[in-house]
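Peer 1: this one's structure only:
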């Protein structure tokens, strides 16, 4: 899927209202100590917020772990929360999620919303490719050459970027939500062979005609690399005049891309163990035929399902 509406280079789609439900470390600290009021030493809060402690929390991905454990406790409401929490910590494994869907299905927006709520890394494959094109590395230059010739970047190069990103410390420590990959059954098998298979697979279901209508009104601002929708998320005043239609998004091209996605989807799902799921695996069909604004609430409900 292409670049998302109103997004940054490394991130997902950002609607104008934003998705602000994610709790930061500071929010969690405030919530934990707010009920104590005047009964605690103010120096304690200062110590907790000290740079050394914050650096440790970031390095060891404590916030993501606590967020997922807290959500499990609140959803399950065990009779013995302390013992339950100890068991959760013993079996804790960072969440890994793949979001699949045809072009313009909303998978970017959904992936970013889930990542924000669970404290996971959002791995957007198209962002990885676009970011690499800006570098002076051998891979970046090769990708630019394909683009200059009007060709798609080969999946072999993209797969190298994906596996490298999923192995980075923040992704392995916090967990991740990835959209736009795998694209074939072989790529799904490769993820599993490298121990990078997801614990949850979300499949966006959107009628072909809806996909075509959404893409038909998408335009790109080449100066900011931001994608807009003429009706659902129009460009700001003065920006629309410089917006263009992206390469590969003509009506015929979109029909071909959607048909290929539907042809390859069964094999991809099989490669990711969707048809023979192990314990704790989540396979969720998601109705993506909803207004753009409703994806915020949808991300929230799906995050809760994935966390348990």
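Peer 2: Received it, and whenever you're ready, just let me know what you need. Please read these numbers as outputs of a predicted model, since none were measured by experiment.

Peer 1: now do the buried residues in the lengthiest helix in the chain.
Peer 2: In the chain, with assignment by DSSP state H, the single longest helix is helix 251-271. By neighbour count with 16 or more other C-beta atoms under 10 Å, helix 251-271 contains the buried residues 254, 257-258, 261, 264, 268-269, 271. (C-beta placed from N, C-alpha, C; glycine too.)

Peer 1: and what of stretch 91-103?
Peer 2: Buried, per 16+ other C-beta under 10 Å, within stretch 91-103: 94-103.

Peer 1: low-confidence ranges, the stretch 51-200 of the chain, go.
Peer 2: 51-64, 92 (pLDDT under 70).

Peer 1: mind running it again at 80?
Peer 2: Counting by pLDDT under 80, the stretch 51-200 of the chain has low-confidence residues at 51-72, 74-76, 88-93.

Peer 1: helices of that one, residue ranges please.
Peer 2: Taking DSSP state H, counting those that start in this stretch as the criterion, the stretch 51-200 of the chain contains helices spanning 51-60, 62-76, 81-90, 107-118, 125-133, 138-148, 155-166, 169-174, 185-193.

Peer 1: reformat the ones you listed as CSV; add mean neighbour count and distance to residue 200.
Peer 2: CSV is the format used below for the helices of the stretch 51-200 of the chain (neighbours: other C-beta atoms under 10 Å; distance: least, C-beta to C-beta, whole Å):
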stretch, mean neighbour count, distance to residue 200
helix 51-60, 12, 23
helix 62-76, 17, 12
helix 81-90, 12, 17
helix 107-118, 27, 9
helix 125-133, 19, 17
helix 138-148, 14, 30
helix 155-166, 17, 15
helix 169-174, 17, 15
helix 185-193, 17, 13
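
Peer 1: closest to residue 291 out of the ones you listed?
Peer 2: Closest approach to residue 291 among those is made by helix 107-118 (11.4 Å; C-beta to C-beta).

Peer 1: how distant is that closest one from the center of its chain?
Peer 2: Distance, stretch centre to chain centre, for helix 107-118: 5 Å (C-alpha atoms, centre = their mean, to the nearest Å).

Peer 1: swap in stretch 91-101?
Peer 2: The answer for stretch 91-101 is 10 Å, by C-alpha atoms, centre = their mean.

Peer 1: check which helix or strand residue 306 maps to.
Peer 2: helix 295-307 (DSSP states H and E).

Peer 1: mind checking how far that helix is from the chain centre?
Peer 2: Counting by C-alpha atoms, centre = their mean, helix 295-307 comes out at 12 Å from the chain centroid.

Peer 1: number the chain from 56, please
Peer 2: All right, first residue 56 from here; so that's helix 350-362.

Peer 1: same for it, what does it pack against?
Peer 2: helix 117-131, helix 162-173, strand 337-342 (3 or more C-beta pairs under 8 Å, 6 or more residues apart in numbering; DSSP states H and E).

Peer 1: strand partners (parallel or antiparallel) of the last one?
Peer 2: It stands for strand 337-342. strand 255-260 (parallel) (DSSP bridges).

Peer 1: list the buried ones in the strand it pairs with?
Peer 2: Neighbour-count burial for strand 255-260 flags 255-259 (criterion: 16+ other C-beta under 10 Å).

Peer 1: now render the helices of the stretch 106-255 of the chain as CSV, adding distance to residue 290.
Peer 2: Converted to CSV, these look like this (distance: least, C-beta to C-beta, whole Å):
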stretch, distance to residue 290
helix 106-115, 35
helix 117-131, 34
helix 136-145, 45
helix 162-173, 17
helix 180-188, 19
helix 193-203, 23
helix 210-221, 28
helix 224-229, 32
helix 240-248, 34
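
Peer 1: nearest to residue 284, of these?
Peer 2: Closest among those, using C-beta to C-beta: helix 162-173, at 11.5 Å.

Peer 1: tell me the angle of the closest one relative to strand 255-260?
Peer 2: Counting by axes from the mean of the first three to the mean of the last three C-alpha atoms, to 10 degrees, helix 162-173 points 140 degrees away from the direction of strand 255-260.

Peer 1: let me know the angle separating helix 162-173 from helix 117-131.
Peer 2: Going by the same axes, to 10 degrees, helix 162-173 makes 90 degrees with helix 117-131.

Peer 1: elements contacting helix 162-173?
Peer 2: helix 117-131, strand 151-155, strand 176-179, strand 231-234, strand 255-260, helix 350-362.

Peer 1: switch the cut-off to 7 Å
Peer 2: strand 151-155, strand 176-179, strand 231-234, helix 350-362 (3 or more C-beta pairs under 7 Å, 6 or more residues apart in numbering; DSSP states H and E).

Peer 1: returning to that earlier point: distance to residue 212 added to the buried residues of strand 255-260, as TSV?
Peer 2: Compiled in TSV, these are given as follows (distance: C-beta to C-beta, whole Å):
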residue	distance to residue 212
255	27
256	24
257	26
258	26
259	25
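
Peer 1: which ones are touching the closest residue to residue 325 other than its chain neighbours?
Peer 2: Of all residues not flanking residue 325 in the chain, residue 240 sits nearest, at 6.5 Å (C-beta to C-beta, 6 or more residues apart in numbering). Counting by C-beta atoms under 7 Å, 6 or more residues apart in numbering, residue 240 touches 322-323, 325-326.
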